[in-house]
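Engineer: Next input, structure requested:
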Amino acid sequence: MKCFAALILTVACVHVALSETVDIDWTLGMTENAVCVPPGSIINFVWEHGHNVVEVATQEDFDACTGFTDHAAYTGPLAWPVPEAEGTYYIVCGVGSHCDVGNQQLAV
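Structural biologist: Take a look at the predicted model:
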């Protein structure tokens, strides 16, 4: 039983060690629209006011800047925990035309 507990602790420590914290300047006119981080990481979307962070369900919604209903602007920054399940997550700013005209979107 002690070996099993030690194994679980080791796996948990390795998982924490692989996690990252990444800052993204969440602004209009973004040129970097993808980031690759391990599950369990934190992405800090950095802005002061006038934006939001909305996850959309599909790449099609991401590409077309559709599939969301939250258009309210919030005060930033926002720490977004990357889900534990590996995969691609699609994040956009739902305020005004920030996604489609301002290219304010991120694939994680």
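Engineer: Just give the closest residue to residue 25, not the sequence neighbours.
Structural biologist: Nearest residue to residue 25, sequence neighbours excluded (CB to CB, 6 or more residues apart in numbering): residue 46, at 5.5 Å. Quick note: C-beta positions are derived from backbone N, CA and C, even for glycine.
Engineer: All the strands of the chain, in order from the start?
Structural biologist: Under the criterion DSSP state E, strands of the chain are mapped to 21-25, 42-46, 54-56, 78-81, 90-92, 105-107.
Engineer: Need the winner for burial among these.
Structural biologist: Mean neighbour count, computed with mean count of other CB atoms under 10 Å, is highest for strand 90-92 among the strands of the chain, reaching a mean of 22.
Engineer: Point out the other helices and strands that that strand packs with.
Structural biologist: strand 54-56, helix 59-64, strand 105-107 (3 or more CB pairs under 8 Å, 6 or more residues apart in numbering; DSSP states H and E).
Engineer: about what we covered before: contacting residues around the residue nearest to residue 25?
Structural biologist: 23-26, 76-77 (CB atoms under 8 Å, 6 or more residues apart in numbering).
Engineer: same thing but 6 Å
Structural biologist: Contacts for residue 46 (CB atoms under 6 Å, 6 or more residues apart in numbering) come out as 23, 25-26, 77.
Engineer: Quick check, pLDDT for it.
Structural biologist: For residue 46, the pLDDT comes out at 98.
Engineer: out of the helices and strands packed on strand 90-92, nearest to residue 38?
Structural biologist: strand 105-107 (15.4 Å; CB to CB).
Engineer: Off-centre distance for that closest one?
Structural biologist: Centre-to-centre, strand 105-107 and its host chain are 8 Å apart (CA atoms, centre = their mean, to the nearest Å).
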